[in-house]
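Undergrad: sequence unavailable; structure follows:
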């Protein structure tokens, strides 16, 4: 399929620069196969049914954006995937003049050496911290790696460290937030509990590739970045029990959905999984274990818009996004969300 099939025009003033406050005051567009319903995240307990199961991604975002110097030249580095021990794949700006062996200093005792220049503008860095563990150095000197469409002329704000993290984040390793989960609060979880809606967690460490548009003319030529994930035996049992008892599995975010579908067999049974997934879900895909999908509004010509088109139908999603634009829904990471039902005509 041509990539421009998944293009649409979005007014830039609809790109959310700040999250809703409180988090669960965001708007929610419910997308059925034959109609749309405008609502709010706070409606979620009544939109779901007792016995339904929410599957959320509990990855924790690491502050991997760093500012350093190569000699007198300023360099911005965003780590996006751990390679081996203290080696990380990263994006560096400006990166054209960097050479293998160059040293980038971030702070006293904290630096990186360029090991390799890779395809697609990536570099491989060997990170060194003489004052403690690497993760401690990142927590001290790093910033949250906000996506490029959230503009901060003077750098990140102190509130971004909390806002760009789900309230249930616990397993550090992501360089981008599982943004559908940003809408949840303790009060919303309490209401979901009261309505008999269960929840469980998976871990998928989101990579920076989640922001990258598809650059090939055909989506079949696009290659996904692999991301590490874990779906436990306990969660697999809960998913299988829920479906066997007539409940629905509700994937919260594309990362949860992709991990569940990676772990599921063709007969719908979900197995425990640990490893990397690079699954790219496009129209024509047969979903095996996910019944409903809660997700934010995504970039045009992105793998995420291709994914929602696979779930609910390309024309249906284009129509839904046109409605969202007309009704001034807020887009992308800090924006509003939609609850998608599967396309009944596959």
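TA: Happy to help now that I have it. In this text, all values refer to a predicted model and were calculated from it rather than measured experimentally. Numbers count the residues shown, from 1 in each chain.
Undergrad: ranges for the helices of the protein?
TA: Using DSSP state H, the helices assigned to the chain run over residues 44-47, 134-141, 160-163, 186-194, 233-244, 254-263, 303-312, 314-326.
Undergrad: residues touching residue 260, list them.
TA: Going by CB atoms under 8 Å, 6 or more residues apart in numbering, residue 260 touches 55, 202, 231, 239, 249, 251, 270, 289, 290. Glycine gets a C-beta too; all of them are placed from N, C-alpha and C.
Undergrad: in terms of pLDDT, where does it sit?
TA: Residue-level confidence at residue 260 comes out at 98, pLDDT.
Undergrad: now residue 223
TA: 77.
Undergrad: quick check: phi and psi on it?
TA: The phi and psi values for residue 223, taken as degrees, to the nearest 10, are phi -120, psi 130.
Undergrad: neighbours around it, how many?
TA: The criterion is other CB atoms under 10 Å. On that basis, residue 223 has 10 neighbouring residues.
Undergrad: hang on, residue 135 packs against residue 62?
TA: Yes. Using CB atoms under 8 Å as the test, residue 135 is close enough to residue 62 to be in contact (7.1 Å).
Undergrad: just the angle between the longest strand seen in the chain and helix 134-141, please?
TA: Under DSSP state E, the strand in the chain containing the largest number of residues is strand 73-84. Here strand 73-84 points in a direction 150 degrees away from that of helix 134-141 (axes from the mean of the first three to the mean of the last three CA atoms, to 10 degrees).
Undergrad: what packs against strand 73-84?
TA: Strand 73-84 is packed against strand 65-70, strand 87-93, strand 103-107, strand 122-129, with contacts defined by 3 or more CB pairs under 8 Å, 6 or more residues apart in numbering; DSSP states H and E.
Undergrad: what about 6 Å?
TA: Using 3 or more CB pairs under 6 Å, 6 or more residues apart in numbering; DSSP states H and E as the contact criterion, the secondary-structure elements in contact with strand 73-84 are strand 65-70, strand 87-93.
Undergrad: give the rounded mean pLDDT of stretch 295-315.
TA: Model confidence over stretch 295-315 averages 96 on the pLDDT scale.
Undergrad: no wait, stretch 162-170
TA: Per-residue pLDDT values across stretch 162-170 average out to 97.
Undergrad: circling back: quick one: closest of the helices and strands packed on strand 73-84 to residue 259.
TA: Distances from residue 259 to each of the helices and strands packed on strand 73-84 were compared using CB to CB; the minimum, 20.7 Å, belongs to strand 87-93.
Undergrad: for the stretch 201-346 of the chain, give me the ranges with low pLDDT.
TA: With pLDDT under 70 as the threshold, the stretch 201-346 of the chain has low-confidence stretches at 209-211, 344-346.
Undergrad: no, scratch that, I was asking about the stretch 1-150 of the chain
TA: By pLDDT under 70, the weakly predicted segments of the stretch 1-150 of the chain are 120.
Undergrad: one more pass at 80, please.
TA: Within the stretch 1-150 of the chain, the set of residues satisfying pLDDT under 80 comprises 85, 119-121.
Undergrad: before we move on, back to that, could you dump the contacts of residue 260 into CSV and include neighbour count and distance to residue 85?
TA: Written out in CSV, the entries for these read as follows (neighbours: other CB atoms under 10 Å; distance: CB to CB, whole Å):
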residue, neighbour count, distance to residue 85
55, 27, 31
202, 29, 25
231, 26, 25
239, 26, 34
249, 26, 36
251, 29, 33
270, 26, 32
289, 22, 35
290, 23, 35
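Undergrad: just put the residues you listed in JSON lines and tack on distance to residue 10.
TA: Shown next, in JSON lines, are those (distance: CB to CB, whole Å):
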{"residue": "55", "distance to residue 10": "28"}
{"residue": "202", "distance to residue 10": "30"}
{"residue": "231", "distance to residue 10": "33"}
{"residue": "239", "distance to residue 10": "34"}
{"residue": "249", "distance to residue 10": "30"}
{"residue": "251", "distance to residue 10": "24"}
{"residue": "270", "distance to residue 10": "35"}
{"residue": "289", "distance to residue 10": "31"}
{"residue": "290", "distance to residue 10": "26"}
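Undergrad: so which of the residues you listed belong to strands?
TA: With strands taken from DSSP E, the overlap with the contacts of residue 260 comprises 55, 202, 231, 249, 251.
Undergrad: what about residue 176, how many residues nearby?
TA: For residue 176, the number of neighbouring residues by other CB under 10 Å comes to 24.
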